[in-house]
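A.B. asks: Sequence and computational prediction follow.
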Amino acid sequence: MPDDRNPSPYDAPELYDLLFDSLDFDVPYWVDTAATAGGPVLEIACGTGRLALPIRRAGVDIDGLDASPAMIGRLKAKAAAAGLSFRAAAADMRDFEMGRRYRRIFCAFNGFAHCETIADQTACLRASLRHLEPGGALVVHMSYPGPAYWSEPEGKAVLEHEVVLPGGGKLQLWDNRRKDIVAQKQDSEVEIWKLDAADRPEAVHKFSTAQRWVYRFELELLFAAAGFARWEFFGGFDGRPLRAPDDQMIAWAFKAPAEGG
């Protein structure tokens, strides 16, 4: 959720795209997850369409929602420029109404971490469950908050991501984060630096954001409280079991099938 000190990074969709639009480590997984759903798909926290656009290009019936109107506006412009049509709504993941049900819903790239309280998390999961067809699945991807993450030094900005810009120069994402282990929460002061071809600073954009991390059995309890029938956990996009503290956590939660189905 936005911080009072600086704007949210999601209020700057063009800058966000320059940093992340080329990030493709998870794209094949989500395209396959959507294409094999056997029905319509919804992406929660879809942003500017890094995943939704290639999924739509694959011929999948997909809708998207994001809390940031700026991100949704950017997504719609990109879709129109690519000749793609699909529904994208500015909506809160904790309380949304899309007017249809989906065979599969997914929330990728730590989007669920922006639910900062148990009430937020449960509301998001219940809203997702309402929108699933019987037997459908919600898929959530989160970085697992292992010991190495919590033991990182604080008080110094870390270079999280860097991209080379067309025509020369770079964008760098620096994250100065403060972690509360008990609350399982991270508050970040983010700076995005634009450098010229000689690595000289041209501009600095400052943002604030917060995330709350969850562990496997905590997420299982949340699934149960929200009303899901069963769930499965994986430790990466290759489908391996979740065992190592530096794994990615990919959770599938299933709605009960229709009676007699």
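C.D. replies: Received it, and whenever you're ready, just let me know what you need. As the structure is a computational prediction, the values presented were derived from the model and not from experiment.
A.B. asks: For the protein, just list every one of the helices.
C.D. replies: Using DSSP state H, the helices of the chain run over residues 13-20, 27-35, 52-57, 69-81, 118-131, 147-150, 216-226.
A.B. asks: Run through this structure and note the low-pLDDT ranges.
C.D. replies: Screening the chain residue by residue with the criterion pLDDT under 70, one finds the ranges 1-4, 260-261.
A.B. asks: At the geometric centre of it, which residue do we find?
C.D. replies: G111 (2.9 Å; C-alpha atoms, centre = their mean).
A.B. asks: Tell me how many other residues crowd the nearest residue to that residue once chain neighbours are set aside.
C.D. replies: Excluding the flanking residues, the one nearest G111 by C-beta to C-beta, 6 or more residues apart in numbering is A45, at 3.1 Å. From N, CA and C alone the C-beta is placed, and that goes for glycine too. Around A45 there are 24 other residues, counting by other C-beta atoms under 10 Å.
A.B. asks: For A45, give its distance to E154.
C.D. replies: Between A45 and E154 the computed distance is 26 Å (C-beta to C-beta, to the nearest Å).
A.B. asks: Then E202?
C.D. replies: Distance of E202 to E154, given as C-beta to C-beta: 28 Å.
A.B. asks: same check, this time on A183
C.D. replies: Distance, A183 to E154, using C-beta to C-beta: 15 Å.
A.B. asks: before we move on, what about G99?
C.D. replies: Taken as C-beta to C-beta, the spacing of G99 relative to E154 amounts to 44 Å.
A.B. asks: got the contact list for the closest residue to V163 other than its chain neighbours?
C.D. replies: Closest residue in space to V163, ignoring its immediate chain neighbours: L171 at 5.2 Å, by C-beta to C-beta, 6+ apart. The neighbours of L171, taking C-beta atoms under 8 Å, 6 or more residues apart in numbering as the test, are 15, 18-19, 162-163, 165, 192-195.
A.B. asks: give me that answer again for 7 Å
C.D. replies: Shown here is L171, whose contacts under the criterion C-beta atoms under 7 Å, 6 or more residues apart in numbering are 18-19, 163, 165, 192, 194.
A.B. asks: and which of these is nearest to S208?
C.D. replies: I192 (12.3 Å; C-beta to C-beta).
A.B. asks: Right, I'll leave it there.
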